[in-house]
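**Student:** Give me a model of this one.
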Amino acid sequence: MFKKPQNNGAVQTESVRVGLQVSSIKQSFLDNLAYIQGKFSPIASTNDYYMALAYTIRDRLMCRWTKTSKTYFEKASRTVCYLSAEFLIGPQLGNNLYNLNVYLEVKTAMEELGLDLDILLEQEPEPGLGNGGLGRLAACYMDSLATLNIPAIGYGIRYEFGIFNQEIRNGWQVEATDKWLRYGNPWEIARPEIAFDIKFGGHTESYTDSNGHYQVSWVADDIVKSIPYDIPILGYQAATANFIRLWKAEACESFDFKSFNVGDYYGAVQEKISSENITKVLYPNDEPVAGKKLRLKQQYFFVSSSLQDMIRIYKQRGKFLGYFSDKYVIQLNDTHPSIGIAELMRLLMDEHQMDWDQAWDITQKSFCYTNHTVLPEALEKWPLQLFSNTLPRHLQIIFEINRRFLDQVRIKFNDDIEKIKRLSIIEESGDRRVRMANLACIGSHAINGVSKLHSDLLKTEVLKDFYDLWPERFSNKTNGVTPRRFLLLINPALANLISDAIGNNWLKNLDELRNLEKFANDAAFLEKWYKIKYNNKKELAGFLAKRMGAVINPGSLFDIQAKRIHEYKRQHLNILHVVYLYNQLRKNPNAISTPRTVIFAGKEAPGYHKAKLIIKLVNDLANTINNDITIKDQLKVVFLPNYNVKNAHWVYPAADLSEQISTAGKEASGTGNMKFAINGALTIGTLDGANVEMLEEIGKDNFFLFGLTAEQVVDLRNKGYNPQDYINNNPDLKAVFESLSSKSLLENPELFKPLVDSLLYHDEFMVLADFKSYIECQNYVDTVYRDQKLWTKMSLLNTARMGKFSSDRAIREYYEEIWNIKPVIIQE
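**Tutor:** Alright, predicted model coming up:
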């Protein structure tokens, strides 16, 4: 035991294992290096040091986690179970240092041992457990749940190979395996003693039990074991530690000796290979039937495991399952986990002998559904035959849910056949399909969108028939982000400046950022603000130079669009502006007065050809523009490969201009817009998703607004949208397309013909309709940026007015208005 002196002169003993003083941290680190890594300083690698430090911090999380779990057990606390196919948690070490409030102590401890904390932080791999905004939102919400002392478990999948690593070869995206677990994961705790059987395929058999009750037995073709791995999630400077439980698939029997002994060596391990495929990779390509089946299996696998786990935890106190919905509220993070509604019915009826009415009452009271999209492809529909072959018992249950539900619909809407067709879980037109969003709506007692605009679109378009039926179930819960990771961790210089000015309570109450407004005309403070932004830009420039050899000017305007590559997000509108600027510069090298660096970042789905062409086009334009000495470095174009949480740490603090330019009515919310703005980037954007509310909060004078509204988009489409009209009436736009067809700009313009033709003759996302407004707005950006005092003031006001967009606010709305749950304070 080390002695810890107190301010009053008294002495307190501190456990070396979990102490927070420098001496305790150093000793714990050295113990873990020796006893877990089995290394000593002369032979230890950077990864050994990182692992030893991670285990040192994990020890300190564990003592808080066990105390939290004990408190929840003793109080029988109502618990949020957050079901999500993705948890894009990002690197954990730095975040946990801040949440434990030991960043400086650990930095000092490492320095005294001759180590650089920054190098150890950089060693941590990115956990590849998500694809983008959906998974990152889930991670932000887990952070806020712990910070706000709300009992919660996040349930998901432990993907062995997560979202692919993106490499750029000859301008094309190439997908490389994401081996994020190759050196192990020090943050996870395996729980092999908790394992569940997950069934697939087969058939059902009905019978009457000894009490005369009708029962159904599912006789499966395949059974897979699910094994949980837990990652503790500590609240910010709180004693509460919740956890994410991720499921790994394993074979019931990993090795068949009978096959091996007769020389069938592949057959001896076939079951292991087949079973473990379920959790091998995040989102398999679901274009082929095999890919669709694997994705359905993934979703059912983690949902069934999670529900069986909830029942296991519930029964630790020996309660009758009739009170299940009092103990748990289950939040569906989009449609992926919605099979859980049928699965809970199956478990309650088939495994625990409840009758239908009681099981359905519990199910509806337990589930809540967050919809995250207005795009049809995200409202999952499974081919009926595939569903029947994979989950035969669940299809029976869904048919019965649907039958009972449609009986109610017929009564309420006087046998309105068209409405009945739209509301049915089963889509009857063409190949019959199971509509998972319809199941989610019917089986949940609460349904919400993720921005005001999105929630309105759910009520009037996407889920209108359900809103007509149950308006009381619908609400809005605008997304938010955690300021602990996306300001304190990634932009410490700005966070310190803010805390020095207004105190640090903003880290738990982001509304307090409003107090920065009193510095909006303080020249000395604005100069500090400007210097921090400039230094962040220098750091990003250095990162890009080291990473990909890009040479960019930190004094230029950093114009950044970093998000998943998709036509509705309109990276191609940004590209048209780049070509427009280049055309102007080729006519006159002094045509633009503000040097601009346009940075793109984002991955695209491997099967999405047009998105691949967008990436290739950006890189080919960069090759031409960046090597044109006649434009005097006035314009640079960069594509940052492999955009993820770790790389985003460099990007958000350095941005001057944030591109949020999706077609109005297509983006549910967005959270990248919030992360850029909280770090002082100004937004150029449409009235789409959360941009609408950001504009309301930030003020129109501090936001670069352009483009059609969602209503105007619909109106224009209904009137008959013809993109050729915009080409013919805009010489600049016509010149852009002429350039895209010219070998003076592109080495092989024919390559991009599918992308160009889609704009010229179809333009589903109205890129050309918004081009003129976008160019005019970008010209205004250029004018404002030349006045650095004004720009810096606007930057400060963007940060100051982002209080609404904290994930803490969003979670507070969920637990007060939907979940009916109260904080449980954990004693230090």
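**Student:** from the middle of its chain, how far away would the longest strand seen in the chain be?
**Tutor:** Ranked by residue count, the top strand of the chain under DSSP state E comes out as strand 222-234. In terms of C-alpha atoms, centre = their mean, to the nearest Å, the gap separating the centre of strand 222-234 from the centre of its chain is 20 Å.
**Student:** Pairing partners for the helix or strand that it is followed by, with directions?
**Tutor:** Counting by DSSP states H and E, the next helix or strand C-terminal to strand 222-234 is strand 241-251. Paired strands of strand 241-251, with direction, are strand 152-157 (parallel), strand 222-234 (antiparallel) (DSSP bridges).
**Student:** Of those, which stretch is the most buried?
**Tutor:** Highest mean neighbour count of the strands paired with strand 241-251: strand 152-157, a mean of 26 (counted as mean count of other C-beta atoms under 10 Å). The C-beta positions use only the backbone N, C-alpha and C, and glycine is treated the same way.
**Student:** Export only the CA atoms of it, formatted as CSV.
**Tutor:** Presented in CSV, the C-alpha positions along strand 152-157 are these (Å, rounded to 0.1, in the frame of the first residue of the first chain):
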residue,chain,number,x,y,z
ALA,A,152,-28.0,0.5,-19.1
ILE,A,153,-26.6,-2.4,-21.1
GLY,A,154,-25.7,-2.0,-24.8
TYR,A,155,-26.1,-5.2,-26.7
GLY,A,156,-24.4,-5.8,-30.1
ILE,A,157,-22.1,-8.1,-32.1
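**Student:** Contacts for it next, please.
**Tutor:** 79-87, 129, 138, 142, 145-146, 233, 242-247, 279, 282, 298, 301-303, 305-306, 309 (C-beta atoms under 8 Å, 6 or more residues apart in numbering).
**Student:** among the strands paired with strand 241-251, which is nearest residue 623?
**Tutor:** Proximity of the strands paired with strand 241-251 to residue 623 was assessed by C-beta to C-beta; the nearest stretch is strand 152-157, lying at 38.8 Å.
**Student:** before we move on, what SS does residue 683 have?
**Tutor:** Using DSSP: H, G, I helix; E, B strand; the rest coil, the structure places residue 683 in strand.
**Student:** just so I know, which of the strands paired with strand 241-251 lies nearest residue 790?
**Tutor:** Taking those one by one with C-beta to C-beta, strand 222-234 is closest: 40.9 Å.
**Student:** what mean pLDDT does that closest one have?
**Tutor:** Computed over strand 222-234, the mean pLDDT rounds to 97.
**Student:** Let me have the strands paired with strand 241-251 in JSON lines, extended by distance to residue 54.
**Tutor:** Converted to JSON lines, the strands paired with strand 241-251 look like this (distance: least, C-beta to C-beta, whole Å):
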{"stretch": "strand 152-157", "distance to residue 54": "20"}
{"stretch": "strand 222-234", "distance to residue 54": "12"}
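**Student:** just so I know, which of those strands lies nearest residue 423?
**Tutor:** Counting by C-beta to C-beta, residue 423 lies closest to strand 152-157 out of the strands paired with strand 241-251; the figure is 28.7 Å.
**Student:** Next secondary structure element downstream of that closest one?
**Tutor:** Strand 152-157 is succeeded, C-terminally, by strand 165-169 (DSSP H and E).
**Student:** After that next one, heading C-terminal, what element do we hit next?
**Tutor:** Per DSSP H and E, the first helix or strand lying C-terminal to strand 165-169 is strand 172-176.
**Student:** before we move on, the earlier item: which one of the strands paired with strand 241-251 lies nearest to residue 571?
**Tutor:** Checking the strands paired with strand 241-251 against residue 571 by C-beta to C-beta gives strand 152-157 as the closest, at 28.7 Å.
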